[in-house]
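**Q** requesting a structural model of the entry that follows:
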Amino acid sequence: MTSATSYVVTLSGQDGPGIAERAFSVLDSSGIAVRDVEQVQVHGRLLLCVEIEVEVVGAVDMVRAALAEELAPRHIDVAITALVESEVVASVDRFLVTVLAPTIDAATLGQVSGRIAACHGNIERVVRLSAYPVQSYEFTVNGGDLDQLRRALADQAVHSEVDIAVQIDGLHRRAKHLIVLDADSTLLQGEVIDLLAAQGGCGAQVEAITRAAMEGTIDFEEALRQRVQLLQGLGEADLEAVRQSLLLSPGARTLVRTLGRLGYEIAVVSGGFTQIIAPLVEELGIAYLAANVLAVEAGLLTGGLEGAIVDRAGKADALVRFAGEAGVPLSRTIAVGDGANDLDMLAVAGLGIAFNAKPVVRQAADTALSVPYLDAILFMLGISRDEVETADQRDEEGGL
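**A** Residues are numbered from 1 along each chain as shown. Got it, this is the predicted structure:
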């Protein structure tokens, strides 16, 4: 008898049902302790690795022979190698690195891999999450430092013109989450106030005030009140015309539908207006909404606002409030926005995503998406295109 030694059993070949069952049956009948398992399948080819612990050296040869005999009809290759002490990986943090772009070539994958290695991270697994409307890959990384990885890969993202997100892996990823979406230019294409201004024939004046606010000469609340004043006199028919003209961002329905199936709580927090956004939010089945309220008298807009203003700070406050109501800790909240008034919300959330955002927002967010598809957020969350399509197909077939 000797002290227990760790070995790795590697099985490789054409995949098919029953291979793992046969392998574990052999190990069990041989009295072998299993310490870890990892299996991947790529284009029909299986790679199954099992870490075992053996106390009798001669038992290794017997196990190898037994596995080879059992799996010979399946044409599975069997190898068993000893783990030296330096190869036994201590318990360290695991990170998920998601790379996303319209196209991702081998050079980009190599450069991302090199950056991870330079940060002392070891790539354990790479899977493709989607081939369209964008390509995306997820790297599972063992070791390294989160902040260092994020800095290095943010630099690589700029160099390679791709989007890269770095997150901590763990069970929290499967737990209940709250995702908070900005409305204008995020959930929706365009800005609601611009649509209202066009309806009221004051588009040029509203645009000038918006420009002044962006230049910092007017704060958000003052700019909002000035623009709303210009909308005085618009009636319900005008509001309905704007509601009918709203366009969702590509992929918005897929995002909301898929996250709803997964048990996510979904909210919209907007500097826009409840009267315009609420019907759409209800149609989408979104549970929470915070937006500004246009004052109405005798069926016409007065040019004022009712209640507290949902501005930059108000958006962050709404996220915190909704998280409390939904029973979700802030660490499991996700905020998505594009403008400077989303910065506080992105900072408070566990994961802040800048969506086709201005540079200052991209730099402040945890990660950024520069593609026009809102459902690309799913890939950042590790949800593959195949999983989305399978769920849609099952719904069409009545849940079978």
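**Q** contacting residues for Leu374?
**A** Contacts for Leu374 (C-beta atoms under 8 Å, 6 or more residues apart in numbering) come out as Thr186, Leu187, Leu248, Ser249, Pro250, Gly251, Ala252, Thr254, Leu255, Val336, Phe355. From N, CA and C alone the C-beta is placed, and that goes for glycine too.
**Q** change it to 7 Å
**A** With contact taken as C-beta atoms under 7 Å, 6 or more residues apart in numbering, Leu374 is in contact with Ser249, Pro250, Gly251, Ala252, Leu255, Phe355.
**Q** what of Ala66?
**A** Ala66 sits next to Val26, Ser30 when contact means C-beta under 7 Å, 6+ apart.
**Q** helix or strand: which one has it?
**A** Remark: Ala66 resides in helix 58-71, with elements defined by DSSP states H and E.
**Q** swap in Ile116?
**A** Going by DSSP H and E, Ile116 is in helix 106-118.
**Q** list the contacts of whichever helix or strand comes after that helix.
**A** Using DSSP H and E, the helix or strand that directly follows helix 106-118 along the chain is strand 122-130. For strand 122-130, contacts defined as C-beta under 7 Å, 6+ apart pick out 40, 113, 116, 136-143, 379, 384-385.
**Q** at which residues are the helices of the stretch 301-400 of the chain located?
**A** With DSSP state H, counting those that start in this stretch, the ranges of helices along the stretch 301-400 of the chain come out as 312-326, 343-348, 359-364, 376-380, 385-396.
**Q** and of those, who's closest to Ile104?
**A** When these are compared by C-beta to C-beta, helix 376-380 sits nearest Ile104, at 11.7 Å.
**Q** got any ranges where the stretch 201-350 of the chain has weak pLDDT?
**A** Flagging of the stretch 201-350 of the chain using pLDDT under 70 yields the residue ranges 214-216.
**Q** for it, which segments count as strands?
**A** 265-273, 288-297, 300-306, 333-337 (DSSP state E, counting those that start in this stretch).
**Q** now do the buried residues in the second one.
**A** So the one you mean is strand 288-297. When neighbours are counted by 16 or more other C-beta atoms under 10 Å, the buried residues of strand 288-297 are found to be Tyr288, Leu289, Ala290, Ala291, Asn292, Val293, Leu294, Val296.
**Q** show me what it is packed up against.
**A** When contacts are defined as 3 or more C-beta pairs under 7 Å, 6 or more residues apart in numbering; DSSP states H and E, strand 288-297 sits against strand 265-273, helix 274-284, strand 300-306.
**Q** which residues are contacting that strand?
**A** 228, 267-275, 277-278, 281, 301-302, 304-307, 309-310, 318, 322.
**Q** pretty sure Thr81 belongs to a strand, no?
**A** Yes. When DSSP: H, G, I helix; E, B strand; the rest coil is applied, Thr81 is found to be in a strand.
**Q** quick one: end-to-end length of stretch 351-363, please.
**A** Stretch 351-363 stretches 14 Å from its first residue to its last (C-alpha to C-alpha, to the nearest Å).
**Q** then stretch 342-358?
**A** For stretch 342-358, the first-to-last residue distance is 11 Å (C-alpha to C-alpha).
**Q** show residues contacting that stretch.
**A** The list of residues contacting stretch 342-358 from outside it, by C-beta under 7 Å, 6+ apart, reads 167, 180, 182, 186, 269, 312-313, 315-316, 319-320, 330-340, 361-362, 364-370, 372, 374, 377, 380.
**Q** now list the buried members of those.
**A** When burial is judged by neighbour count using 16+ other C-beta under 10 Å, the buried members of the contacts of stretch 342-358 are 167, 180, 182, 186, 269, 312, 315-316, 319, 332-340, 361-362, 364-370, 374, 377, 380.
**Q** local confidence estimate at Thr2?
**A** According to the model's per-residue confidence, Thr2 sits at a pLDDT of 51.
**Q** just name the most buried of the helices of the stretch 301-400 of the chain.
**A** With neighbours defined by mean count of other C-beta atoms under 10 Å, none of these is more surrounded on average than helix 376-380, at a mean of 25.
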